[in-house]
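[1] Provided below for reference: sequence and predicted model.
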Amino acid sequence: MQNCRWNRLILPLLLALAIWAEGAMASRGPSVIRVQAGDCLWKIARRYGTTVVDLAQANGIKNPHCILAGQKLLIPAGNRQRKMGSTYASRSYVSPAVRTISPPVLRSLQAMVKPVAQGRLSSGYGMRWGRMHRGIDLACPVGTPVRAVAAGQVVSAGWCRGYGWLVELDHGQWRTRYAHNSRLLVRTGDRVEVNQPIALSGATGRATGPHLHFEVIVQGRTINPAPYLNL
């Protein structure tokens, strides 16, 4: 009987204490973190259970694609670190830079396939070596098939300074570029289907090693393709 009475007294106290601790954690002040190499606002937002919008507003960032390794960022109050892939920070989150894009275009971006099946992200979108890197680099062996991420038409297929052997596809209201290839498998004017091989990867142009440089252009401006490819 005494144990039962003790439990009736202690359990409500423990519950109240847990609720108080939860509230204290949620209302704690903002914290400051340093951006790591390869980070982007989208990844940081997922890591700390917040959104790109809140991060950008808290830090006065006008272009959410431009952050630097070593840069200090304020994490808004009430956000706690959560497990990657949690429902709180969904992979389908759309950054503020592309919120004006029409729903059909957003759906097509989210349906993209990886341009190289086993490619490893070796360099992200954003400032790099003092210059803007307007795409992502996917490391892969020379000769790896490079595939169209969506159906479209080849608007350019040839040599381009810096890019090496380049293919550019028009998908209607957005475009993609595939650079540093060793060989092109399509010509300007060709129609291609999603997942169709359009080139073989290489290290042509300004490249430090074999990889695919991949860009997505929407409304005339490049965006970070990594979130749409779940990288």
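    Noted; the coordinates are in hand.

[2] and Ile44, that one's in a helix?
    Yes - assigned with DSSP: H, G, I helix; E, B strand; the rest coil, Ile44 falls within a helix.

[3] the bottom helix or strand of this structure by mean pLDDT?
    Least confident helix or strand of the chain, by mean pLDDT, DSSP states H and E, is helix 2-26 with a mean of 55.

[4] got the domain boundaries for the chain?
    2-97, 103-229 (automatic domain parsing).

[5] need the winner for burial among these.
    domain 103-229 (a mean of 18; mean count of other C-beta atoms under 10 Å). C-betas here are computed from N, CA, C, even on glycine.

[6] of the domains of the chain, which shows the lowest average pLDDT?
    Lowest mean pLDDT of the domains of the chain: domain 2-97, a mean of 62.

[7] tell me the helix or strand right after whichever strand in the chain runs longest.
    In the chain, with assignment by DSSP state E, the single longest strand is strand 174-184. Downstream of strand 174-184, the next assigned helix or strand under DSSP states H and E is strand 191-192.

[8] contacts for whichever helix or strand comes after that next one, please.
    Following strand 191-192 in sequence order, the next helix or strand is strand 197-201 (DSSP H and E). Strand 197-201 is contacted by residues 116, 140-148, 154, 165, 167, 169, 178, 180-186, 192, 210-212 when judged by C-beta atoms under 8 Å, 6 or more residues apart in numbering.

[9] nearest spatial neighbour of Arg183, skipping sequence neighbours?
    Leu200 (4.4 Å; C-beta to C-beta, 6 or more residues apart in numbering).

[10] now the one you found: how far from Gln36?
    33 Å (C-beta to C-beta, to the nearest Å).

[11] ditto for Leu106
    Using C-beta to C-beta, Leu106 is found at 28 Å from Gln36.

[12] who's in contact with Pro225?
    Here Pro225 is in contact with Met112, Tyr125, Gly135, Ile136, Phe214, Glu215, Val216 (C-beta under 8 Å, 6+ apart).

[13] and with 6 Å instead?
    Ile136, Val216 (C-beta atoms under 6 Å, 6 or more residues apart in numbering).

[14] and for the one 4 residues further on?
    By C-beta under 6 Å, 6+ apart, Leu229 lies in contact with Lys114.
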